[in-house]
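*Asks:* below is the structure, and that's it, no one-letter string:
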Ligand SMILES: Nc1ncnc2c1ncn2[C@@H]1O[C@H](COP(=O)(O)OP(=O)(O)O)[C@@H](O)[C@H]1O
Ligand SMILES: [Mg+2]
């Protein structure tokens, strides 16, 4: 008994110690360590940038209240999940949000049982809401739902449409079965433009009071993100917490992508038909540990903005890259493929196929 008490007392001591230590350790620190993605996830629709036309439609829905069943489709990191949450919050308000919104995402099982039980039960529940408002079921990453589960959803959607509306987010809308597509208004998001990402990135830097960055560093973040805000914010945080300064060198180091300046040099060699120099540089990059896919991915993106050759040559290069990319993706990822690619690019520049 005594021992028991002692143990309890020790345990209590420990938890007390821990709890008293936590605020000291955490407090501000945990706020700083929080992923910026979550810390700066917009909570009101006006903070979401880009896709202006689509967002205007959502704002109208938020204002008038009669939300149709929605499918929002688009590439990753363009604000689909965020917009649906903001819309639900604006429609229902904080007080009702907890009771009147059911969210299921890819981490929840969403097989046919869940549709039959959980979703249906929620749809049947009575929740008192202001006039003209509906309960909302959010199905994030809905393109991962099995088609049987989607089939089961059809009827539920119709039966409870008086009280419950669905909001689906997906990457590819064609993976949602036709009958559901025809019951929903489909909104399409596109990749965010560099301008929009830049705006948000700068806002975050300002809010975090970070001054140690260079314009080139931010450009590098935009280049790597390629229209994906999640990627941009993540790379920025990773670079800042790793190096304390956001320069282009650091960004490419953290994100493990070949530096576009080096890739440009290879393109210069292809332009000058200097295949030896090109291959040497390429081998240098591969030796640094970049995979062939990293290489060709960056090569393509740098080529898009490479204006030292005429348009026709550029398009020929991009076509050659596409073929080689497909082969590499099929599993033929040897440097030999890239050597072949460089040779082809040199050929396209000269247009003298017999010479090689
Ligand atoms: N249009 C946007 N405006 C502002 N922040 C955005 C936008 N899109 C994405 N983000 C940021 O990226 C993160 C991921 O966005 P999310 O909505 O989850 O993307 P997805 O389209 O993949 O669902 C959010 O935490 C948010 O900080
Ligand atoms: Mg999402």
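*Replies:* Alright, I've got the coordinates. Fair warning: this is a prediction, and the values are worked out from it, not measured in the lab. Ligands and ions are numbered 1, 2, ... in the order given.
*Asks:* work out for me the element the residue minimising distance to the centre of the chain sits within.
*Replies:* For the chain, residue 77 is the residue whose C-alpha lies nearest the centre (C-alpha atoms, centre = their mean; 2.6 Å). Remark: residue 77 resides in no helix or strand, with elements defined by DSSP states H and E.
*Asks:* for ligand 1, what is the nearest residue in the stretch 101-250 of the chain?
*Replies:* Nearest residue of the stretch 101-250 of the chain to ligand 1, counting by C-beta to the nearest ligand atom: residue 229, 3.5 Å away. Every residue, glycine included, has its C-beta placed from N, CA and C.
*Asks:* ok, the nearest residue to that residue once chain neighbours are set aside to ligand 1 distance?
*Replies:* Closest residue in space to residue 229, ignoring its immediate chain neighbours: residue 77 at 4.9 Å, by C-beta to C-beta, 6 or more residues apart in numbering. If you measure residue 77 against ligand 1 using C-beta to the nearest ligand atom, to the nearest Å, the figure is 5 Å.
*Asks:* likewise for residue 61?
*Replies:* Residue 61 sits at a distance of 17 Å from ligand 1 (criterion: C-beta to the nearest ligand atom).
*Asks:* swap in residue 311?
*Replies:* 32 Å.
*Asks:* what is the burial count for that residue?
*Replies:* The local packing of residue 311 (other C-beta atoms under 10 Å) involves 8 other residues.
*Asks:* ligand 1 contacts on the stretch 1-150 of the chain?
*Replies:* Taking C-beta under 6 Å from any ligand atom as the criterion, the stretch 1-150 of the chain approaches ligand 1 at residues 37, 40-42, 48-50, 76-82.
*Asks:* switch the cut-off to 5 Å
*Replies:* Applying the criterion C-beta under 5 Å from any ligand atom, the portion of the stretch 1-150 of the chain that neighbours ligand 1 consists of 37, 41, 48, 49, 50, 76, 77, 78, 79, 80, 81, 82.
*Asks:* could you pull out the strands for the stretch 151-300 of the chain?
*Replies:* Along the stretch 151-300 of the chain, the segments classed as strands by DSSP state E, counting those that start in this stretch run 164-170, 185-188.
*Asks:* which helices and strands sit right next to the first one?
*Replies:* So that's strand 164-170. When contacts are defined as 3 or more C-beta pairs under 8 Å, 6 or more residues apart in numbering; DSSP states H and E, strand 164-170 packs onto strand 70-73, helix 80-100, strand 135-139.
*Asks:* now check that strand, is it near ligand 1?
*Replies:* No. Residues of strand 164-170 are not located near ligand 1 by C-beta under 5 Å from any ligand atom, the shortest gap being 5.8 Å.
*Asks:* which strands border that strand, and is each parallel or antiparallel?
*Replies:* In the sheet, strand 164-170 lines up against strand 70-73 (parallel), strand 135-139 (parallel) (DSSP bridges).
*Asks:* contacts for the longest one, please.
*Replies:* Applying C-beta atoms under 8 Å, 6 or more residues apart in numbering, the contact partners of strand 135-139 are 67, 84-85, 88, 91-92, 100-105, 110, 119, 122-123, 125, 127, 129, 145, 163-169.
*Asks:* filter those residues down to the buried ones, PyMOL style.
*Replies:* Selection of the buried residues among those in PyMOL, burial being defined by 16 or more other C-beta atoms under 10 Å:
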select buried, resi 67+84+85+88+91+92+100+101+102+104+110+119+122+123+129+145+163+164+165+166+167+168+169
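*Asks:* name the helix or strand for residue 349, please.
*Replies:* When elements are assigned from DSSP H and E, residue 349 belongs to helix 335-350.
*Asks:* who are the packing partners of that helix?
*Replies:* Partner elements for helix 335-350 (3+ C-beta pairs under 8 Å, 6+ apart): helix 260-271, helix 275-287, helix 292-304, helix 311-330.
*Asks:* residue contacts, residue 253?
*Replies:* residue 243.
*Asks:* among the helices and strands of this protein, which has the poorest mean pLDDT?
*Replies:* Taking mean pLDDT, DSSP states H and E as the measure, the chain has helix 2-25 as its least confident helix or strand, at a mean of 40.
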